[in-house]
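> Got a predicted structure plus its sequence, pasted below:
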Amino acid sequence: MLPIVTILAVACHLALEGWRWQMIPVYALALLLVLRAAAALLGRREPGRLLSIVLLVLLLPAAALPALLPVPAISAPAGPFGVGTRSFELRDPARPELYSGKDEARRFMIQVWYPADKGARGRASPWMSDASAFAPAIAAFMNLPSFFLDHLALVRVPAIIEAPPASRKGGFPLLLFSHGWKGFDAQNTGQALLLASRGYVVVAVQHSYGAIMTVFPDGSRAPNNPAALPEGRPTEEYEIAARKLGDQWAGDLSFALDWMEARSSSTTDPFSGLVDSSKVGAWGHSTGGGAVIEFAARDRRCRAVLGMDPFMRPVSPRVLGAGLAQPSFFMFSQKWADDRGSRTNALFGTFFPHASGNLGAIVIRGTDHFDFSDLPLLTPLASSLGLKGPLPGGRVITIVDAYLLAFFEHALRGGAADLLRGPSPYPEVEQKTG
């Protein structure tokens, strides 16, 4: 009966999940088991030693490949709200596109995560829209074969597409997220889910031509343009390009905020009354960390800023010298903090003393740059691929989520600041000193 059970299991997998290349040894193993059983049932001679050796050889990849390259799972958040999500294309006619090589207006994508009723039902959202475009681009970024991450199309997250928004008198605080260079809007989905489940509206911005890939609803694509942040150029030339990029990304954030406020102010929009415009914050990773600093300095509607390994070279000299008046907080991986001679750390050292509302900066020992994102969930080999540090992933998520939530709860809702200001209950956390 075992071969019959095997065939049924494979059939269920193919029907529910679809085939994926990591499972090819499993398919081959199942087929050989069935052929061997069929031969025995038909009274044929017992298959020889060669087939037994082939079966044993297949066992190792059949077990290892799905374990080493699993379908990533993002846990359901524990907040009192369910989570709904919708994606939109935004077009800003007041700003030209700088990186497409065409005479056109700036356009980019956003994904909105928002509180919904806990019992909301509907289709679960994919982790990334258009995974057929994103997965090869991410694989190339990691120097892997283009097909290596095709299974990302199977990932679903605990959010319902177009779920009716929950209602609250006065609306919910609004948070904007900015990804890093060659990042994407869904790279911090776990954090967006956490915040939405706690009563925040999150707008994750996909910065066209700076993201690893952008796919628009009409099917057109905007791949990363390396000329926007040209590596290997002299410092002055590179920073002119970086500040130009930071200006464009800060403009994206302001326009997304305009758009969201307009939707919330409309009496007929599905997002009507969703946003409390007096409680707006932003957080960003890497280049996005620099972009949210620039955005907050220019757009005083932003009342709170958090940076994760903020890349400071896109920040304008004026902001580096003047700092921020809004409450701010910064988290660094050990990898970035230990690189004390880096240009971005030197610029942060210039900026930080002028951030009059700052609530501190911490370093999380045992972490790497991408530990602030969902990318370590791709594989247990994430450390070997440079996607995380040695600190276990679950522990990193616990620490980062605790500080992220505590900061915005304090800055936008008047919550306690004990975790931010006092000695950390997490032994892996230390105050950044330089």
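Yes, it's here.

> Confirm Glu89 sits in a strand?
Yes: per DSSP: H, G, I helix; E, B strand; the rest coil, Glu89 lies within a strand segment.

> That one contacts Gln111, doesn't it?
No: contact criterion C-beta atoms under 8 Å: Glu89 and Gln111 do not qualify, at 11.0 Å. All C-beta atoms are positioned from the backbone trio N, CA, C, and that covers glycine.

> what about these two, which has more around it?
More crowded of Glu89 and Gln111, by other C-beta atoms under 10 Å: Gln111, with 23 against 14.

> I'd guess the more buried one is in a helix, am I close?
No: using three-state DSSP, the assignment for Gln111 is strand, not a helix.

> Tell me if I'm right that it and Asn188 touch.
No: in this structure Gln111 lies outside contact range of Asn188 using C-beta under 8 Å: 10.8 Å.

> Give me the common contacts of the two.
Ala204 (C-beta atoms under 8 Å, 6 or more residues apart in numbering).

> burial count for Phe352?
The burial count for Phe352: 19, using other C-beta under 10 Å.

> who does the lengthiest helix in the chain touch, helix- and strand-wise?
When the chain is parsed with DSSP state H, its longest helix is helix 235-265. For helix 235-265, the packing partners by 3 or more C-beta pairs under 8 Å, 6 or more residues apart in numbering; DSSP states H and E come out as strand 82-96, strand 105-116, strand 172-178, strand 201-206, strand 275-285, helix 287-298.

> May I see the buried residues of the longest one?
Okay, so that is strand 82-96. Neighbour counts over strand 82-96 (16 or more other C-beta atoms under 10 Å) mark Gly82, Val83, Gly84, Thr85, Arg86, Ser87, Leu90, Asp92, Arg95 as buried.

> ok, the fourth one - contacts?
In other words, Thr85. Gln111, Val112, Trp113, Tyr114, Ser125, Ala159, Ile160, Ile161, Glu162, Ala163.

> Just give the number of residues close to the residue lying closest to it once chain neighbours are set aside.
Closest residue to Thr85 apart from its sequence neighbours, by C-beta to C-beta, 6 or more residues apart in numbering: Ala159 at 4.5 Å. The tally of other residues near Ala159 (other C-beta under 10 Å) stands at 30.

> Then the one 3 residues further on?
Here the count is done by other C-beta under 10 Å, and Glu162 has 15 residues near it.

> Let me see the contact set for the closest residue to it other than its chain neighbours.
Spatial nearest neighbour of Glu162, chain neighbours left out: Arg86 (5.6 Å); criterion: C-beta to C-beta, 6+ apart. Taking C-beta under 8 Å, 6+ apart, we find Arg86 in contact with Gln111, Val112, Ile161, Glu162.

> Can you check the pLDDT for Arg86?
With respect to pLDDT, Arg86 scores 97.

> Please apply the same query to the one 10 residues further on.
At Pro96 the predicted local confidence, pLDDT, stands at 97.

> got a list of what it touches?
Here Pro96 is in contact with Asp103, Glu104, Ala105, Arg106 (C-beta under 8 Å, 6+ apart).

> and the first one, how many neighbours?
Other residues within reach of Asp103 by the criterion other C-beta under 10 Å amount to 7.

> Offset the numbering so it begins at 837, please.
Yep, numbering from 837; the last one is Asp939 now.

> which SS state does it fall under?
Asp939 ends up coil, using three-state DSSP.

> Excluding chain neighbours, what is closest to it?
Pro932 (7.4 Å).

> Mind listing the residues bridging to the one you found?
Ala941 (DSSP bridges).

> Would you check how far apart it and Gly1157 are?
28 Å (C-beta to C-beta, to the nearest Å).
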